[in-house]
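Asks: Mind looking at a prediction? Sequence and model below.
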Amino acid sequence: MAYSLRKAKRKKKMIEVLNHIDDIKKIRQLLLEGKVKEAVKECDVVITYKQQEVEEFEKWAEKESKKEVK
């Protein structure tokens, strides 16, 4: 069971990496096409999404640290 969980986590992580690469490729293409404003907007979207992921992790980590203190 533990092996399956680790495998699923690695698969999820790889999907996240591939999605991030796709985001960067999209931004690169916009820049190559001279669409700077659209590229900047796409960067802002990606940054916002990643920032939300960080905030969710921080909330989770805070809850976990409180559990450990008890």
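Replies: Yep, it's here. Computed from a predicted structure; not experimentally measured. Numbering: from 1, shown residues only.

Asks: What is the burial count for the closest residue to residue 26 other than its chain neighbours?
Replies: Spatial nearest neighbour of residue 26, chain neighbours left out: residue 42 (6.1 Å); criterion: C-beta to C-beta, 6 or more residues apart in numbering. From N, CA and C alone the C-beta is placed, and that goes for glycine too. Around residue 42 there are 18 other residues, counting by other C-beta atoms under 10 Å.

Asks: Run through the residues that contact residue 42.
Replies: For residue 42, the contact set (C-beta atoms under 8 Å, 6 or more residues apart in numbering) comprises 23, 26-27, 30.

Asks: pLDDT score assigned to residue 56?
Replies: Residue 56 is assigned 93 on the pLDDT scale.

Asks: Repeat that for the one 4 residues further on.
Replies: According to the model's per-residue confidence, residue 60 sits at a pLDDT of 89.
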